[in-house]
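>>> fold the following and give me the result.
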Amino acid sequence: MAQSPPVATDESPATTASDNDPVISECQRIGDKLGSVEIEECLDRKLVVTDGRSVLGTPILYKAYPPIPDQRLPLGRVLLIGGIHGDEYSSVSIVFKWMRTLDQHHSGMFHWHIIPLLNPDGLLRQNSQRMNENNVDLNRNFPMRDWESSTRDYWINTTYRDPRLFPGLSPLSEPESNWLVQEIDAFQPDVIVSVHAPHALVDYDGPKNGPHKLGKLYLQLIGTYPGSLGNYAGVQKKIPVVTIELPYAGIMPTAGEISGIWADLVKWLTDNIHVKPYKVAGDLSN
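Coordinates of the predicted model:
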């Protein structure tokens, strides 16, 4: 596996919009692109520049909601990801809404790492596309056993060489997927939540059972694709992967539905994460 830069940690040199032009620049680009995210709203989230970069060198931004000192230990770690596919606008916008909720109500129940936009090149180009700048579907680029034969066979014989689903020439060939794997290894999440659109359902990969419903979205398993994040993390690494498929890529759910999905997700996490004692020693993200 190719080497990648260090991943984000809660003790990373945190440079936010007040003193870092890249954050301001990326928030301006995101705000200009997404009707549901104002530039000031993005800046208000105080995102941090990680060492992750896209093909074009765009920084991957993130926000941590760490344990609160002298309060309860978190039930576990949750990694929340939006914008794996650049043309799924709502998957990015809704994560910003949930970060606003956490900014107001983070209680330390969970230790969050949030990546609102993993594929900035796909989103922020003039004509947004599913793939990254190398025209690779990041959600087909994660490693698995027999990756080359499995992904190639699926791409050729099942999707008939659909260019939107091209898995790349090798696993983790793309800097965005490579960085995310490094982040997963460092953060060691107990659950990964990945937001997509527009299939209007909840998908799940991993041990035990996923949430029956989140808001008005119901569990409907759609299969585990070669090279997908669900295959890599859920099947191989046994990390529960909850995939939220919003109804529309370009239209946000109502405010009530955004809150409903969030409330149901937090309840499911509360009922299903039981990591005791919470591991602090050796955790790079504390």
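>>> please count neighbours and contacts with C-alpha atoms only from this point.
Noted.
>>> gap between residue 189 and residue 28?
Going from residue 189 to residue 28 by C-alpha to C-alpha, to the nearest Å gives 30 Å.
>>> any low-confidence regions in the stretch 51-200 of the chain?
Under the criterion pLDDT under 70, no range of the stretch 51-200 of the chain is flagged.
>>> go again using 90 as the cut-off
Residue ranges of the stretch 51-200 of the chain with pLDDT under 90: 69-73.
>>> can you give the distance from the helix or strand containing residue 218 to the centre of its chain?
In this assignment (DSSP states H and E), residue 218 forms part of strand 217-218. Using C-alpha atoms, centre = their mean, to the nearest Å, the distance from the centre of strand 217-218 to the centre of the chain it belongs to is 19 Å.
>>> quick one: list the elements packing against it.
On a contact count with 3 or more C-alpha pairs under 8 Å, 6 or more residues apart in numbering; DSSP states H and E, strand 217-218 meets strand 201-205.
>>> sheet-wise, list the partners of the following helix or strand past the strand it packs on with their directions.
Later in the chain than strand 201-205, the nearest helix or strand by DSSP H and E is strand 213-214. Note on strand 213-214: by DSSP bridges, its sheet partners are strand 217-218 (antiparallel).
>>> neighbouring contacts of the partner strand?
For strand 217-218, contacts defined as C-alpha atoms under 8 Å, 6 or more residues apart in numbering pick out 200-202, 212, 245-246, 261.
>>> and the average pLDDT for that strand is what?
For strand 217-218, the mean per-residue pLDDT is 98.
>>> would you agree residue 172 falls within a helix?
No. Counting by DSSP: H, G, I helix; E, B strand; the rest coil, residue 172 falls outside a helix, being coil.
>>> how much space separates the closest residue to it other than its chain neighbours from residue 170?
Closest residue in space to residue 172, ignoring its immediate chain neighbours: residue 178 at 4.9 Å, by C-alpha to C-alpha, 6 or more residues apart in numbering. Counting by C-alpha to C-alpha, the gap from residue 178 to residue 170 is 11 Å.
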